[in-house]
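# Sequence unavailable; structure follows:
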């Protein structure tokens, strides 16, 4: 059985309680992780969210899986709130669904991605 990317995106999003920029900022303030998966070149052009954890998409699962010996120190366990950020909120949905598959049941993504964060007037560097 094959799926289109739009079908995969719909399936991923059906499992997520996606958040807007203001709610993502609250997650970050309250000690959750805001994880920016954009490539370095895009972050250099668009800017970054202060306090966001930078984890490029190619290594996301290894760095955020609490059971991985390669996880980052900021990962505290399976119950940790995690908001994934990409440029516009598409690849972040797919990434958040994969994190849920790993047991990170509070993983979600930012609706509209970094562009929505910036348009909301939230801090960028």
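Perfect, thanks for sending it. These numbers come from a predicted model, not from an experiment.
# So which residues of the protein form strands?
Taking DSSP state E as the test, the strands found in the chain are 33-36, 53-54, 82-85, 107-109.
# Redo these as CSV? Include mean neighbour count.
All C-beta spots, glycine's among them, are computed from the backbone N, C-alpha and C. Shown next, in CSV, are the strands of the chain (neighbours: other C-beta atoms under 10 Å):
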stretch, mean neighbour count
strand 33-36, 24
strand 53-54, 16
strand 82-85, 27
strand 107-109, 27
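# right, and the ones you listed - which one's nearest residue 3?
Set against residue 3 and scored by C-beta to C-beta, those come closest in strand 107-109, at 19.1 Å.
# show me the residues around the residue nearest in space to the middle of the chain that make contact.
In the chain, the residue lying closest to the centroid (C-alpha atoms, centre = their mean) is residue 84, at 0.6 Å. Contact partners of residue 84, counting by C-beta atoms under 8 Å, 6 or more residues apart in numbering, are 35, 37, 60, 92-93, 95-96, 99, 107-110.
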